[in-house]
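Turn this into a structure:
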Amino acid sequence: MGNQPHDHIVRSYDEERARLTDEILRMGGMAAAQLEAAIDVVERRDDNAARRVIDNDEAIDALEKEISEDVMKLALRGPLARDLREILAALRVSSDIERIGDYAANVAKRSIALNQSPQLPITRGLKGLARIAGQQMHEVLEAYRVGDAEAAQRIRENDAELDRMYTGLFRELLTYMMEDARAITPCTHLLFMAKNIERIGDHVTNIAENVWFLVHGEDELPPREKGDETNTAG
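Next comes the predicted model:
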């Protein structure tokens, strides 16, 4: 009988941890859906749908605050080293997801401005970039859910593919702008949108690194390839 209060505390703590994980996965799913919706409105040139994507970002922001509060509740229970890693990783991951939601909303905002110009066939490259980013987002959320550090490491390495696609699109857009002055304004919007998606990939990488940290602590991560050459493109 003497163990009952302790058992209740442990059970309650485990339930709160499970709730926290569910909240983060739900938040991640919302951010991934934001990205998909943002790219959809670019293709459909739908200003009203774009505004809905922008408005939905508030729900992601609100969930991040809720997660922060739940993390503090867990921290006050005096957790052990592994639990502290879970708490720290949860804070970092929710912050990265919030930024992903922001970048998706930025794509939707740019799409409204882009719709003022004639449609460019080059927007297909943006869709391909977003598809890879969205796929990596879903994969990293699953790695976080099951605590798979090796899968997280593979996702981290795959960011180089997204970087290479971004570099290719960046150069293609610059060429388009040089060949036709009328394309400068829409291509500039597309450049910013592509950069937002590339930054989403960077935050997915951050999440993957936090899955590694969750499992392995401060063990050093293997080096990884970088594929973004836009800073040196000439």
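
Now the most centrally placed residue in the chain: which helix or strand?
Taking Cα atoms, centre = their mean as the criterion, residue 100 is the residue nearest the geometric centre of the chain, at 3.8 Å. Assigned by DSSP states H and E, residue 100 belongs to helix 81-114.

how near is residue 50 to residue 108?
4 Å (Cβ to Cβ, to the nearest Å). C-beta here means a position set from N, CA and C on the backbone, and glycine is covered the same way.

cool, residue 197 as well?
Going from residue 197 to residue 108 by Cβ to Cβ gives 12 Å.

ditto for residue 95
For residue 95 relative to residue 108 (Cβ to Cβ), the value is 21 Å.

One more: residue 70?
28 Å.

likewise residue 54?
With Cβ to Cβ as the criterion, residue 54 and residue 108 are 5 Å apart.

just to revisit the earlier point, residue 95 and residue 108: which is more packed in?
For residue 95 and residue 108, the more surrounded residue by other Cβ atoms under 10 Å is residue 108, and the numbers stand at 29 against 17.

What are the buried residues along the helix or strand that contains residue 189?
Using DSSP H and E, residue 189 sits within helix 184-216. Neighbour counts using 16 or more other Cβ atoms under 10 Å place 186-191, 193-215 of helix 184-216 among the buried residues.

Could you list every helix and strand in contact with the worst-scoring helix or strand of the chain on mean pLDDT?
Sorting the helices and strands of the chain by mean pLDDT, DSSP states H and E puts helix 4-44 at the bottom, at a mean of 83. Here helix 4-44 touches helix 47-75, helix 81-114, helix 123-146, helix 184-216, going by 3 or more Cβ pairs under 8 Å, 6 or more residues apart in numbering; DSSP states H and E.

chain center to it: distance?
Taking Cα atoms, centre = their mean, to the nearest Å, one finds the center of helix 4-44 at 14 Å from the center of the full chain.

Just want the angle from that helix to helix 81-114.
In terms of direction (axes from the mean of the first three to the mean of the last three Cα atoms, to 10 degrees), helix 4-44 departs from helix 81-114 by 20 degrees.

Kindly calculate the angle that helix 4-44 makes with helix 184-216.
Using the same axes, to 10 degrees, helix 4-44 lies at 160 degrees relative to helix 184-216.

Now do helix 4-44 against helix 123-146, angle only.
Using the same axes, to 10 degrees: helix 4-44 against helix 123-146 is 170 degrees.

how near is residue 116 to residue 155?
37 Å.

That should have said residue 210, apologies.
12 Å.

and if you look at residue 58?
28 Å.

so who does the spatially closest residue to residue 113 that is not a sequence neighbour touch?
Sequence neighbours aside, residue 189 is the residue nearest to residue 113 in space, at 5.5 Å (criterion: Cβ to Cβ, 6 or more residues apart in numbering). Residue 189 makes contact with 110, 111, 113, 114, 117 under the criterion Cβ atoms under 8 Å, 6 or more residues apart in numbering.

If you rank those by neighbours, which is first?
Neighbours here mean other Cβ under 10 Å. Within the contacts of residue 189, the largest count is held by residue 111, at 28 neighbours.

dump the residue contacts of it.
38, 41, 42, 45, 47, 50, 189, 193.

Tell me the most packed of these, by neighbour count.
Within the contacts of residue 111, neighbour counts (other Cβ under 10 Å) peak at residue 38, which reaches 29 neighbours.
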